[in-house]
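Peer 1: here is a sequence together with a model predicted from it:
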Amino acid sequence: MSYGREMTVESLRLKKPDAHYLERALENPTAPPESVLYVGDNESDIVAAERASLESAFVRRSHRHDAHLEITPTDEVEGLYGLNRLIHR
């Protein structure tokens, strides 16, 4: 199942860091909040995860390597391969 913002002007209020789509996805009983890790490479991803009471992982990809975050993610990894250790813990 996937959720995403419709490409309309009205839907702009629902874009990240609004947690609307994260909360909507959590309504799916196959994804209990305690088993969800929200992954992103923007501060708005981490803010959205916090607003939805989810754990978060900030991915320091090459284009975001020097990004300064005003919010602290649950975890931080170097590149997408770094997610491997979080998924298998």
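Peer 2: Right, received. Where do you want to start?
Peer 1: when you work out contacts or count neighbours from here on, use the C-alpha atoms and nothing else.
Peer 2: Noted.
Peer 1: just the mean pLDDT for stretch 36-52, thanks.
Peer 2: Averaging pLDDT along stretch 36-52 yields 93.
Peer 1: what about that stretch, start to end distance?
Peer 2: Stretch 36-52 has an end-to-end distance of 11 Å (C-alpha to C-alpha, to the nearest Å).
Peer 1: poorly predicted segments of this structure, please.
Peer 2: 1-3, 31-33, 89 (pLDDT under 70).
Peer 1: longest helix anywhere in it?
Peer 2: Ranked by number of residues, the top helix in the chain under DSSP state H is helix 43-51.
Peer 1: helices or strands up against the helix or strand following that one?
Peer 2: Where DSSP states H and E defines the elements, the next helix or strand beyond helix 43-51 is strand 55-60. Judged by 3 or more C-alpha pairs under 8 Å, 6 or more residues apart in numbering; DSSP states H and E, strand 55-60 is in contact with strand 37-40, helix 43-51, strand 75-78.
Peer 1: so which of the ones you listed is the most packed in?
Peer 2: Comparing those by mean neighbour count (mean count of other C-alpha atoms under 10 Å), helix 43-51 ranks first with a mean of 21.
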